[in-house]
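Enquirer: Provided below are the primary sequence and the corresponding predicted coordinates.
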Amino acid sequence: MTNDAKRTVVYLGVTEPISTAAATEGDVRQTEALESLLHASGLFESPREAAHREEVLGKLNVICKEWGRRVGLQRGLSEDLASAAGAKIFTFGSYRLGVHGAGADIDTLCVGPRHVLRADFFSSLYDMLAAQPDVTELRRVPEAYVPVIKMKFAGIEIDLLYASLELAAIRDDLDLSDDNLLVNLDEQSVRSLNGSRVTDSILSLVPDSTVFRLALRAIKLWAKRRGVYGNVFGFLGGISWEILTARVCQLYPCAASSTIVWKFFRVYSQWEWPSPVLLRPIKPEGPGHRVWDPRVHPKDRWHLMPVITPAYPSMNSTHNVCRSTLSLIQEEFARGRDICSRIEKGETQWPELFTKNDFFYRFTVYIQVEISAGTTEEMQMWEGFCQSRLRVLVMSLENTPRIRCAQPYAQLFRGASELQSLFFIGLKFEPIQPQSGVNARVQVNLTRPVAEFEEAVQMFSQRTPKMAVAVSYLRRKQLPAVVFDGAPPPPDAIERQRLSSDVVASSQSPPDAQQPDAKVRRVSSGVSSPPLQSAASSPPHQPASSPPPQPAAAVSAAPVVAPPQQQPVAAPPQAQPQPQPQVAPKRQIAEFDDIDQLLYAPATS
C-alpha cells in the first residue's frame, strides 16, 4: 500500500489503531475455547426463546400504536391522522447489541408524536397494559431519573421508557440518531432517548460487530464474577463495559475476540485515569443540552474514571465510581492482565480468569445494610431507592478517619424473607503501630457516615412506616450464611493481611447498648417499624452461635481512642449458644441492568 493510500484510510475512534495485524490460527483456537466457556455458562438463549422475545416485542408495538391512535382521537385528530401519527417501539441495551443471555430482560423505548404526552404514557397506556392478560407485575415509576414502566409480558421482563418528539407523526423508518430530534425536548425525553442513541452509536463505531459481541459477553461475565459490575454500587454498568470493549476493538480492528479480551486488560491496566475513554470526539454543547466537559463544568473535573457516551449529548457513564471502587477495578484489571498473559503462554486456561471473587474472605470487618418493607410492592420501590443511595454511605465511609477504603459488594442478598435484603461493604483500616507491651485498639467513629446515609434515604417521598433500613458492622465470622451459598462460613483458609490491632466502632451509647441483647440501630429513625432481632433471639439469617453484629450507633463527634490502661470499648459478650436456626435458601438478586441503574442518575440528586 502506498503512502497516499494509507493517508486515505479512515479509522474508527479518536486515534489510529495500535495494530492492524490479522488473527492467527492460535487466536482462532483461543476464541473457540472462549466461546465454548461462554456457552457452558448459559450466556446464549435458545432459538425458541429468541422467537418468543420477538413475538412479545411485536405485540407490545401493536399495543403502543393503538394507544397512540386512541390518544390522537381524544386530541381531536381525524381517524386517518390519528392512525398515521401512531407510536413505535425501539430496543436498546444488551438486547439491541445482541449480547443478552437466557432470561434477560429487554430495555425498550416507546416514541410518540408531540400530542401524545408523558402523562398519557403513565395513565392510558398503563391502563391498556394492565388490561392485557399476558402482562404481570406491572408498575410505573414516573418520579425516576428516567421515568419507566416495568412489567413482565408473557414471562419476559420489560422496562419501557417514553419520549414525545416534536413530530406530527412517527414513521416506521424513523432514525433516532438524528440530533435534530432533540431540539426543544425536555431533559426526561432526552435521557429516555439516550439509551437507544448510545447503543446504535456503539454498533456503528466498532469495526467488526461479531468480534465485539463475543468479547463483550466475556468481559461482562468477568466483571460480574469479579464483583465490579453495577453502576448503582459505584462500579461500572453495562453501557460502560460496552464502551470500554468497543474502544479496544477500535485499537485492534482486525483482531479475534480472544485477542480483544487480552488487549482489554493490557490497555486498561495501564490507562492513566482520569483521562477519558472516548469512541469519537465530543460534539460541542448546544442550546439546552449539557455535555460532559471538565473545561466548562467544574463538577466534571471530579470524575475519577470517565467513560464517555458516544451519542450527543455526551455524558460520563461512570460518575458513580469512587476512590475505593476505582482501586478494586484497577486491581482486577491487573489480575486479568496477568492471567491473560499466562493464557497466551499456555500456562493456564480461560476458567481461571472467570473465578468468582473472594470478597467475603478479603476483609476482617464488614458493614451490613439491611433493607426491609411491609409488602412486596413497597419492597420493590424501597429497595430500588435505597440502592440508589448506597453510594452515599460508601463515599462517606471511605472519607472517615482511619478507614483506608470501603469496598461494596456489587450484589444484594435476600435475608430471612422476600421482604428483606442485605448489602455488604468491606472495610480496610489504616495500619497503626502497636504500643509496647499492650495490644493497641483503635475505635472508628461511624456516626457521620450513618447519619448522612440516613438523611439520604429519608428523601423518599413514598416512604411508609414499614420501610426501614438498619446499618451494623460485623466481623468476618459473624457474616450470615447466605453469603456463603447457604453454608456456614468455613475457617479462614485464606489468611489476609491482619490488622495489628483490633478495630471496633466507637460508641458512647447508653450502657444497655453494650449488652448482648441490644437492638441494632435503625437508620430509619423516627419511623415506626419492627426492630431487628438481636443475637440473643438469633434472626433466621444470622447463625445463633456467632457474636451479634455491632450497631453503627450514635457516638460522639470526635473519634474516641481507648487509652491502654483502660478497658477499651469491645464487642458485646459472646451470646449463649442457641439451637441452630433454619437458614433460608439463598436467592441472589440479579445485577442491575441499564434501566435499574437509572441511566447514570446522580446518587444524591
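Expert: Structure's in. What do you need?
Enquirer: List the residues that contact the closest residue to His297 other than its chain neighbours.
Expert: Closest residue to His297 apart from its sequence neighbours, by CB to CB, 6 or more residues apart in numbering: Arg290 at 7.2 Å. Bear in mind the C-beta positions are built from the backbone N, C-alpha and C, glycine included. When contacts are counted by CB atoms under 8 Å, 6 or more residues apart in numbering, Arg290 is found next to His297, Pro313, Met315.
Enquirer: roughly how far apart are Arg290 and Val228?
Expert: Per CB to CB, to the nearest Å, Arg290 is found 28 Å from Val228.
Enquirer: Ser123 too?
Expert: From Ser123 over to Val228 (counting by CB to CB), the distance is 40 Å.
Enquirer: contacting residues around the closest residue to Ile156 other than its chain neighbours?
Expert: In this structure, Ile156 finds its nearest non-sequential neighbour in Val56, 5.0 Å apart by CB to CB, 6+ apart. Shown in contact with Val56 (CB under 8 Å, 6+ apart): Ile106, Phe153, Ala154, Ile156, Ile158.
Enquirer: If we use 7 Å, what do you get?
Expert: Phe153, Ala154, Ile156 (CB atoms under 7 Å, 6 or more residues apart in numbering).
Enquirer: In this protein, where is pLDDT below threshold?
Expert: Scanning the chain for pLDDT under 70 picks out the ranges 1-10, 287, 433-442, 486-605.
Enquirer: For it, just list every one of the strands.
Expert: Along the chain, counting by DSSP state E, strands occupy 88-92, 106-112, 135-141, 148-153, 156-164, 365-372, 403-408, 413-414, 420-429, 441-444, 468-475, 502-505, 550-551.
Enquirer: With distance to Leu279 added, can I get those strands in a markdown table?
Expert: Output for these, formatted as a markdown table (distance: least, CB to CB, whole Å):
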| stretch | distance to Leu279 |
| --- | --- |
| strand 88-92 | 16 |
| strand 106-112 | 20 |
| strand 135-141 | 30 |
| strand 148-153 | 26 |
| strand 156-164 | 23 |
| strand 365-372 | 36 |
| strand 403-408 | 28 |
| strand 413-414 | 36 |
| strand 420-429 | 33 |
| strand 441-444 | 42 |
| strand 468-475 | 39 |
| strand 502-505 | 44 |
| strand 550-551 | 47 |
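Enquirer: Throw those strands into CSV and include mean neighbour count, thanks.
Expert: Shown next, in CSV, are the strands of the chain (neighbours: other CB atoms under 10 Å):
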stretch, mean neighbour count
strand 88-92, 21
strand 106-112, 26
strand 135-141, 15
strand 148-153, 21
strand 156-164, 24
strand 365-372, 24
strand 403-408, 22
strand 413-414, 18
strand 420-429, 22
strand 441-444, 21
strand 468-475, 23
strand 502-505, 20
strand 550-551, 25
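Enquirer: Of these, which is nearest Val482?
Expert: For Val482, the closest of the strands of the chain is strand 413-414, at 5.0 Å, according to CB to CB.
Enquirer: Show me what the closest one is packed up against.
Expert: Applying 3 or more CB pairs under 7 Å, 6 or more residues apart in numbering; DSSP states H and E, one finds that strand 413-414 contacts strand 420-429.
Enquirer: Contacts for the strand it packs on, please.
Expert: With CB under 7 Å, 6+ apart, strand 420-429 has contacts from 359, 362-363, 365-372, 383, 390, 394, 397, 402-409, 412-415, 480, 499, 503, 589.
Enquirer: quick revisit: among the strands of the chain, which is nearest Gln462?
Expert: strand 135-141 (10.1 Å).
Enquirer: What helices and strands are in contact with that closest one?
Expert: helix 126-130, strand 148-153.
Enquirer: Can you point out the buried residues in the first one?
Expert: When neighbours are counted by 16 or more other CB atoms under 10 Å, the buried residues of helix 126-130 are found to be Tyr126, Leu129.
Enquirer: what are the C-alpha coordinates of it, in CSV please?
Expert: In CSV, the C-alpha atoms belonging to helix 126-130 read as follows (Å, rounded to 0.1, in the frame of the first residue of the first chain):
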residue,chain,number,x,y,z
TYR,A,126,-50.6,1.9,31.7
ASP,A,127,-54.3,1.1,31.8
MET,A,128,-54.1,-0.7,28.4
LEU,A,129,-51.2,-2.8,29.6
ALA,A,130,-53.0,-3.6,32.9
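Enquirer: Among the contacts of Arg290, name the buried ones.
Expert: Among the contacts of Arg290, those buried by neighbour count (16+ other CB under 10 Å) are Pro313, Met315.
Enquirer: show me where the stretch 1-150 of the chain has helices.
Expert: Listed in chain order, the helices found in the stretch 1-150 of the chain under DSSP state H, counting those that start in this stretch are 3-8, 25-40, 47-74, 79-85, 93-97, 118-120, 126-130.
Enquirer: so which of those helices is the most packed in?
Expert: helix 93-97 (a mean of 22; mean count of other CB atoms under 10 Å).
Enquirer: how far does that one sit from the chain's center?
Expert: 16 Å (CA atoms, centre = their mean, to the nearest Å).
Enquirer: ok, residues contacting that helix?
Expert: Contacts of helix 93-97 (CB under 7 Å, 6+ apart): His100, Ala104, Ile106, Asp107, Gly195, Thr199, Leu203, Arg213, Gly238, Glu242, Asp593, Asp594.
Enquirer: Just want the most central residue of this structure.
Expert: Gly230 (2.0 Å; CA atoms, centre = their mean).
Enquirer: Next, format the contacts of Arg290 as TSV and append distance to Val62.
Expert: Listed next are the contacts of Arg290 as TSV, based on distance: CB to CB, whole Å:
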residue	distance to Val62
His297	43
Pro313	32
Met315	33
